[in-house]
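> Got a predicted structure here, sequence first:
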Amino acid sequence: MTAPTPAPGDWRQWAANAVAEIDAAGLRRRRRNVESTGPAQQVSVDGRAAINFCGNDYLGLAQHARLTAAFAQAAAAGAGSGASHLVTGHHPLHHALEQRLAAWTGRERALAFSSGYLANLGVVCALAGRGDAVLEDRLNHASLIDAGLLSGARFARYAHADAAALAAKLSATPARRSIVVTDGVFSMDGDLAPLPALAAASRNAGALLIVDDAHGYGVLGATGRGTLEHFGLDEAAVPLAIGTLGKAFGSYGAFVTGPAELVELVLQRARSYRYTTALPPAVAAATIAALDVLDAEPWRRARVLDLVARFRQRAATAGLVLAGSPTPIQPILLGTPDAALAASEALLARGFMVAAIRPPTVPAGTSRLRVTLSASHEDRDVDALVDALAEVLALPVRDAG
Ligand SMILES: Cc1ncc(COP(=O)(O)O)c(C=O)c1O
């Protein structure tokens with residue numbers, strides 16, 4: 001459908017037509033008011049009780065008493081940071097958080113950003129520019145893709161999780177310096193990047209490898225240090241890693257961690273660091289508490305991975321087709337936006353919140369339900385979700401209207 005062209009200057013009609021086009025394609029986003037109502041991912045969704053099976057609170061830390069107490073205590077001294085880090089917004093709690101993140105990741109230095117989106121823009125644009133090349137997995141998170149485009153470098157995507165395709169692009173590029181960027185765990189598919197092979201290809205070409213481990217930190221590896229720990233990769237293999245703090249850490253914000261010189265250059269150059277307000281110090285306090293809990297309660301990691309195994313085993317028995325993901329992200333591909341929306345709504349009617357993920361977040365034809373598991377889910381809720389999925393996916397697809 002092509003919306004009728006409005007009269008020149010009729011911006012209101014122009015915007016309404018554009019939204020109508022999005023709607024007609026089944027791609028309109030609607031927000032729901034979601035509020036936590038209980039410890040086991042119980043939520044109220046526009047007033048309706050449900051279990052949340054699509055958040056990123058993988059370890060169930062967002063409501064943890066140590067985080068909320070640290071947050072409340074620090075917030076008593078002030079709600080906001082009042083300025084950017086390089087003016088007057090850099091608080092001792094930000095400094096303490098960076099030191100803890102550097103130690104926790106085993107790197108020389110860490111720099112905290114106000115969100116993962118800002119971290120990705122800042123890091124890539126600080127390190128690559130005109131004359132350089134940025135090579136990215138084609139299924140990287142949108143913030144990394146945007147960063148590569150914004151950097152002004154030659155930007156290319158390689159086939160998903162394909163180190164040979166990366167090596168071919170690296171050997172063909174005329175750029176003086178190349179930067180390779182990949183998700184550690186792919187956010188909409190849950191699979192892992194083949195980091196050892198990507199690291200080898202990058203090293204052979206003298207390229208800098210950066211891993212965004214937003215969904216790996218806290219969950220993967222023997223001590224929760226993410227995909228790098230899972231694969232046993234050190235700083236020589238992956239010089240820079242980025243983590244977000246709004247997922248397994250249960251808080252908010254992000255960080256980059258690595259060699260002091262590279263982190264200092266990011267601090268000096270990243271516009272998304274310089275030109276934005278620093279995180280509220282209370283958020284840094286909550287994240288420091290999260291780091292304590294992550295190490296003090298390793299059972300949370302084991303628990304969420306047990307639930308992943310339980311979900312996968314029961315889903316297979318019920319005849320559901322899952323992707324090969326070993327992580328708490330368990331997508332169920334349905335194809336069209338309408339099919340994904342209909343399934344999501346039918347699940348909500350049964351008390352389960354599972355968002356429909358549609359283009360442009362995922363490639364056309366791969367709209368899906370993105371089921372995620374958390375250490376705070378109950379066994380019985382996971383079992384009931386599988387039953388509901390089996391029932392719902394047998395339903396005819398609703399006409400989206
Ligand atoms: C892989 C990845 N990187 C970065 C981000 C952005 O992080 P934030 O939500 O903190 O902006 C996300 C998700 O939000 C993500 O999935």
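Now that the structure is in, tell me what you want to look at.
> Now for the closest residue to the ligand within the chain, how many residues are close by?
Closest to the ligand within the chain is Gly116: 2.1 Å, counting by CB to the nearest ligand atom. From N, CA and C alone the C-beta is placed, and that goes for glycine too. Each residue near Gly116 was counted by other CB atoms under 10 Å, and the total is 23.
> is it true that it touches Ala214?
Yes. In this structure Gly116 lies within contact range of Ala214 using CB atoms under 8 Å: 5.6 Å.
> Measure how far the helix or strand hosting Arg301 is from the centre of its chain, please.
Arg301 belongs to helix 299-317 when assigned by DSSP states H and E. Put simply, helix 299-317 sits 20 Å off its chain's centre (CA atoms, centre = their mean, to the nearest Å).
> again with stretch 287-303
Averaging C-alpha positions (CA atoms, centre = their mean) puts stretch 287-303 19 Å from its chain's average.
> And that stretch, end to end?
Across stretch 287-303, the terminal residues are separated by 21 Å (CA to CA, to the nearest Å).
> Using neighbour counts, pick out the buried residues of that stretch.
Across stretch 287-303, burial judged by 16 or more other CB atoms under 10 Å covers Thr287, Ile288, Ala289, Ala290, Leu291, Val293, Leu294, Glu297, Arg300, Arg301, Arg303.
> now swap in stretch 12-26 and tell me
Neighbour-count burial for stretch 12-26 flags Asn17, Gly26 (criterion: 16+ other CB under 10 Å).
> thinking again about what came up before, do the helix or strand just after the helix holding Arg301 and the ligand meet at all?
Next in sequence after helix 299-317, counting helices and strands by DSSP H and E, comes strand 329-335. No. Residues of strand 329-335 are not located near the ligand by CB under 6 Å from any ligand atom, the shortest gap being 9.3 Å.
> Mind listing residues that contact strand 329-335?
Here strand 329-335 makes contact (CB atoms under 8 Å, 6 or more residues apart in numbering) with 185-190, 215, 308, 311-312, 315, 320-323, 325, 340, 343, 357, 365-373, 389, 393.
> isn't Ala254 right up against Ala241?
No. Between Ala254 and Ala241 there is no contact under CB under 8 Å: 11.1 Å.
> rewinding a little: please enumerate the shared neighbours of Gly116 and Ala214.
His141, Ile242, Thr244, Ala254.
> Low-confidence ranges, this structure, go.
Residue ranges of the chain with pLDDT under 70: 1-4, 395-401.
> hey, where'd the strands end up in it?
Under the criterion DSSP state E, the chain contains strands at 34-38, 42-45, 48-52, 109-113, 133-137, 154-158, 178-183, 208-212, 240-244, 254-258, 329-335, 352-353, 356-357, 367-372.
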